[in-house]
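1. pasting the sequence and the predicted model now:
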Amino acid sequence: MIELETRELEYFLAVADELHFGRAAVRLSIAQPALSKAIRRIETRLGVTLFVRSSRHVELTAAGEALREHGRHAVDAVGAAVRNARRAGDTRAHLRLVLKPGGDAGLLSAILAEYSRQPDARRVDILFSGPTDRNDFLRDGRADVGLLYAPFDDLDGLDHETLIAEDRVVVVAAGHRLAGRAAARMADLEGETLPRWTGIAGGDAAAPEVADVVQMLHMIAVSRMIAVLPRSLVQPVPPGLVCVPVLDAPPSRLVLAWNERDRRPLVASFVAAALTIADAGRPA
């Protein structure tokens, strides 16, 4: 038995985000008394208190924290299910490919050309993501397929095929102490400043924050940091920078990924086209 409707979860999440019934009511475009009544009805049905209320503030209880975490996943899943159902029934829907700028290892044009020869080919819409959210595009239905890098991107819940595997290089300014080396090891990078990516927790809090590869390369050129990247992300090498192979860095894999529950023919056709191009580029 389903004890909460999606609409009720949305009411709860609005209050949980705002921690203020008045602001949540405005956000939901409903009257505040109606929202308060809906929350009390949810608490009665579940048999738990979700919020501690006072005249000055609203706080989540432990039960409220749990419902916020799992309730948000449930609402997102319902939204994704609706979008996928509509797209599955739309024979004119475009195929949406997500990638980060420059994150195709030079394969995208060939893949699109190969896919266009498929009898069921659709128009392909290219979506550009931030540094870390391509997998979210695939999980929540905003994109159908995506180009991701393993092991850096989280592939949980996604099916994928490896297109290329490549070595990693340390990118340094031309005057850096490693610039003249034929190769380096990870131990050689100790004490260096590495980028701190926007949206990714951890790393050196004192390191400059970067949102994309272009911004990062500018910071490397002015000697603010170095970075270890898949070789294809810095081909051709920008002026003023040097790429040195890192012998003991684990290889990077460019993968084509899609939601593991997505079995639509348009996705399978695109995957087949991508693999055809990848296979053509591999040594015999």
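-> Structure's in. What do you need?

2. can you get me a residue count around the residue nearest to residue 9 when sequence neighbours are not counted?
-> Of all residues beyond its chain neighbours, the one nearest residue 9 is residue 71 (4.7 Å), with distances taken as Cβ to Cβ, 6 or more residues apart in numbering. Backbone N, C-alpha and C define where each C-beta goes, glycine included. Residues near residue 71, counting by other Cβ atoms under 10 Å, number 19.

3. just residue 279 next, same as before
-> 9.

4. and it, what helix or strand is that in?
-> helix 265-281 (DSSP states H and E).

5. related to what we said a few turns ago, helix or strand next in line after whichever strand or helix holds the residue nearest to residue 9, which one?
-> For residue 71, the enclosing helix or strand under DSSP H and E is helix 62-88. Once helix 62-88 ends, the next helix or strand along the chain (criterion: DSSP H and E) is strand 95-99.

6. angle of that next one against helix 62-88?
-> Relative orientation of strand 95-99 versus helix 62-88 (axes from the mean of the first three to the mean of the last three Cα atoms, to 10 degrees): 130 degrees.

7. partners of strand 95-99 in the sheet?
-> strand 124-128 (parallel), strand 145-150 (parallel) (DSSP bridges).

8. pick the most buried one from those strands.
-> Highest mean neighbour count among those (mean count of other Cβ atoms under 10 Å): strand 145-150, with a mean of 23.

9. find the nearest non-adjacent residue to residue 112, please.
-> Per Cβ to Cβ, 6+ apart, closest to residue 112 is residue 124, 6.0 Å.

10. how much space between the one you found and residue 26?
-> 40 Å (Cβ to Cβ, to the nearest Å).

11. over to residue 131?
-> 33 Å.

12. those two: who's more crowded?
-> residue 131 (20 against 14).

13. tell me how many other residues crowd residue 222.
-> Residue 222: 9 neighbours (other Cβ under 10 Å).

14. could you list every residue that touches it?
-> Taking Cβ atoms under 8 Å, 6 or more residues apart in numbering as the criterion, residue 222 is in contact with residue 173.

15. who does residue 256 bridge with?
-> In beta-bridge terms (that is, DSSP bridges), residue 256 pairs with residue 147, residue 161.

16. and it, how far is that from residue 111?
-> Relative to residue 111, and taking Cβ to Cβ, residue 256 is found at 8 Å.

17. what comes up buried for stretch 148-164?
-> 148, 149, 150, 153, 158, 159, 160, 163, 164 (16 or more other Cβ atoms under 10 Å).

18. distance between the ends of that stretch?
-> 11 Å (Cα to Cα, to the nearest Å).

19. let me see the ranges of the strands in the stretch 151-284 of the chain.
-> Assigned by DSSP state E, counting those that start in this stretch, the stretch 151-284 of the chain shows strands spanning 158-166, 168-173, 196-197, 209-210, 227-230, 241-245, 252-259.

20. which helices and strands sit right next to the third one?
-> With contacts defined as 3 or more Cβ pairs under 8 Å, 6 or more residues apart in numbering; DSSP states H and E, the secondary structure elements packing on strand 196-197 are strand 209-210.

21. what helices or strands is the strand it packs on leaning on?
-> The contact analysis (3+ Cβ pairs under 8 Å, 6+ apart) places strand 209-210 against strand 196-197.

22. got a list of contacts for the strand it packs on?
-> So strand 196-197 is contacted by 131, 132, 203, 204, 205, 207, 208, 209, 210, 211 (Cβ under 8 Å, 6+ apart).

23. domain parsing of the protein, as residue ranges.
-> 6-85, 92-163+252-281, 168-245 (the TED database).

24. the helices in the stretch 101-250 of the chain, which residues?
-> 108-116, 134-139, 213-221 (DSSP state H, counting those that start in this stretch).

25. show residues contacting the first one.
-> Counting by Cβ under 8 Å, 6+ apart, helix 108-116 makes contact with 99, 104, 121, 124, 147, 269, 270, 273, 274, 276, 277, all of which sit outside it.

26. so which of those residues is the most crowded?
-> residue 270 (26 neighbours).

27. ok so, going back, show me which of the contacts of strand 196-197 are buried.
-> 131, 207, 210.

28. in JSON lines, list these along with pLDDT.
-> Output for those, formatted as JSON lines (pLDDT from 0 to 100):
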{"residue": "131", "pLDDT": "71"}
{"residue": "207", "pLDDT": "83"}
{"residue": "210", "pLDDT": "87"}
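
29. re the thing from before, tell me the one of the buried residues of stretch 148-164 nearest residue 245?
-> The nearest member of the buried residues of stretch 148-164 to residue 245, counting by Cβ to Cβ, is residue 164 at 16.1 Å.
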